[in-house]
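**Student:** Using only what follows, build the 3D model:
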Amino acid sequence: MPHDSTGLIHHSDGCPRCWWAGLDPVYVAYHDTEWGVPEHDGRALYEKLILDGFQAGLSWITILRRREGFRRAFAGFDPEAIARFTQADVERLMQDTGIIRNRAKIVGTIAGARAFLAIEERGPGFSRFLWDFVEGQPIQGRATDRAGIATETEISRAISRALKSEGFSFCGPTIVHAFMQAVGMVNDHLAGCHRHAPCAAMGAGR
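**Tutor:** A predicted model of the protein is given here:
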């Protein structure tokens, strides 16, 4: 189903959606229920940041289809459990066909868990650490076409620098901006998308 000149896809259910959702049911469900919804749970934010890091060089649908495999392999993305992973765990994960077997990203996930715990311990926590960059409120994008959607911003560059200084890896400005879009720190649904207004309302409710 082709998208129109703005980048909206008009599905048979009558709901216009952002172009990237395509027709894959997994992708459409993700677009309609998760992407752009403000997320404030620290552990969930950690999981999404790690998965976005694994996406580097790949398509998001590749990661999305393996998400349950990642959750099994990484102890449900429990940072306390992952922080205790050893070299033996790294070797185990390198043999796990349910995930993307990239040694640097696996090692980075463990380092990220330890960084997460350090941020949590000193307070006020990982969620606040991230959301303070947008003063606790989602940035409301109002792009009417895909050309108006940024791939990185000054805020994503600042968050990237902060995360790297804490010990996270695979968190460049483009990855961080994609993460911000996904967890609702910025509402980048196209203005004509049926999810733009609901996500905006959720952001205004805090």
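**Student:** and the spatially most central residue of the chain, how far is that from Thr97?
**Tutor:** What sits nearest the mean C-alpha location of the chain, by CA atoms, centre = their mean, is Phe179, with 3.3 Å. Look at Phe179 and Thr97: by CB to CB, to the nearest Å, they are 26 Å apart. Where you see a C-beta, it was placed from the backbone N, CA and C, and this is true even at glycine.
**Student:** what does Ala150 give?
**Tutor:** Between Ala150 and Thr97 the computed distance is 35 Å (CB to CB).
**Student:** So which of those two has more stuff around it?
**Tutor:** Between Ala150 and Thr97, Ala150 has the larger neighbour count (other CB atoms under 10 Å), namely 15 against 9.
**Student:** For the nearest residue to the more buried one once chain neighbours are set aside, list the residues it contacts.
**Tutor:** Ranked by CB to CB, 6 or more residues apart in numbering and with sequence neighbours excluded, the top spatial neighbour of Ala150 is His177, at 6.6 Å. Counting by CB atoms under 8 Å, 6 or more residues apart in numbering, His177 makes contact with 150-153, 156, 186.
**Student:** I'd assumed His177 was in a strand, is it?
**Tutor:** No: His177: not assigned to a strand; according to DSSP: H, G, I helix; E, B strand; the rest coil it is helix.
**Student:** Now for Lys48: which residues touch it?
**Tutor:** 39, 179, 182-183.
**Student:** In these, find the pair that's most separated.
**Tutor:** Spanning the widest gap among the contacts of Lys48 are Glu39 and Phe179, at 10.0 Å by CB to CB.
**Student:** Leu93 and Arg103, how far apart?
**Tutor:** Distance of Leu93 to Arg103, given as CB to CB: 9 Å.
**Student:** quick one, which of the two is more surrounded?
**Tutor:** Leu93 (23 against 11).
**Student:** okay but that one is in contact with Ile106, surely?
**Tutor:** Yes: the pair Leu93 / Ile106 is scored as a contact, 5.0 Å apart, by CB atoms under 8 Å.
**Student:** circling back: which among the contacts of Lys48 gets closest to Ala29?
**Tutor:** Closest approach between these and Ala29, by CB to CB: Ala182, at 14.0 Å.
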